[in-house]
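Novice: Next input, structure requested:
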Amino acid sequence: MKGKFGRSIALVAASSLLAVGMAGIASAAPDGGKGSSSTQALAAQVLQMRDDLTKVAYAGNVGATRADLGQLSPVLADIVAGKRYTIQTDTQQLAGLAKGRADESNRLLADPTAKPRQLPPLPLPPIPDLPGPLKIVSDLLKALLGAVTGILGGLLGSLPVPPLPVPPLPVPGS
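Specialist: Got it, this is the predicted structure:
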């Protein structure tokens with residue numbers, strides 16, 4: 001009797017876990033999308049890359065920022081191409097804009113004497129400016145971080161996007 005009861009509980013628990021997992025997959029695709037476990041894996045990868053880039057950029061680490069931009073750009077290119085992941089068109093377009101900012105930031109960090117190209121403006125979320133050595137690409141990186149956050153919104157669907165791990169702003173006068 002105890003064995004049957006234990007198996008019944010295990011079956012209910014497994015069914016619940018499967019239902020929760022499938023709900024997460026379905027939520028990755030808002031109306032008209034084709035969310036899948038690969039979309040969720042992509043979202044997790046992009047989130048980690050966004051957070052890593054934010055941390056090194058706000059620490060003023062130029063070398064690590066360039067390395068993180070170099071890793072992020074091909075992932076954004078995959079999203080833009082739409083071959084590996086099936087996502088919403090507006091998310092693909094945002095990835096194209098983000099890739100442009102990542103590539104331009106990397107180019108300027110490689111040669112600080114280079115003249116920045118004029119890129120179309122993106123609405124900037126309220127993100128503080130970057131510190132000293134990265135000041136020359138502050139607007140580009142802020143727009144990139146905002147765009148990547150928007151991409152995450154498209155990938156995650158109805159799930160909330162974790163906030164950027166930006167350090168707190170200094171209090172004026174301290």
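Novice: Going along the chain, name the helices of the protein.
Specialist: 2-27, 37-58, 62-81, 89-110, 138-156 (DSSP state H).
Novice: looking at these, which is buried most?
Specialist: Among these, helix 138-156 has the highest mean neighbour count (mean count of other CB atoms under 10 Å), at a mean of 23. Just so you know, the C-beta spots here come from the backbone N, C-alpha and C atoms, and that holds for glycine as well.
Novice: thinking again about what came up before, could the helices of the chain be laid out in JSON lines, adding distance to L164 and mean pLDDT?
Specialist: Shown next, in JSON lines, are these (distance: least, CB to CB, whole Å; pLDDT from 0 to 100):
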{"stretch": "helix 2-27", "distance to L164": "22", "mean pLDDT": "38"}
{"stretch": "helix 37-58", "distance to L164": "5", "mean pLDDT": "91"}
{"stretch": "helix 62-81", "distance to L164": "14", "mean pLDDT": "94"}
{"stretch": "helix 89-110", "distance to L164": "14", "mean pLDDT": "91"}
{"stretch": "helix 138-156", "distance to L164": "6", "mean pLDDT": "91"}
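Novice: To P116, which of these lies closest?
Specialist: helix 89-110 (5.9 Å; CB to CB).
Novice: List the contacts of the closest one.
Specialist: 62, 65-66, 69-70, 72-73, 76-77, 79-80, 82, 114, 116-117, 119-120, 122, 134, 136-137, 140-141, 143-144, 147-148, 150-151, 154-155 (CB atoms under 8 Å, 6 or more residues apart in numbering).
Novice: repeat that with 7 Å
Specialist: Helix 89-110 has contacts (CB atoms under 7 Å, 6 or more residues apart in numbering) with 62, 65-66, 69-70, 72-73, 76-77, 79-80, 82, 114, 116-117, 119, 122, 136-137, 140-141, 143-144, 147-148, 150-151, 154-155.
Novice: returning to that earlier point: turn the helices of the chain into a markdown table, columns for distance to P168.
Specialist: Below are the helices of the chain laid out as a markdown table (distance: least, CB to CB, whole Å):
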| stretch | distance to P168 |
| --- | --- |
| helix 2-27 | 31 |
| helix 37-58 | 11 |
| helix 62-81 | 20 |
| helix 89-110 | 24 |
| helix 138-156 | 16 |
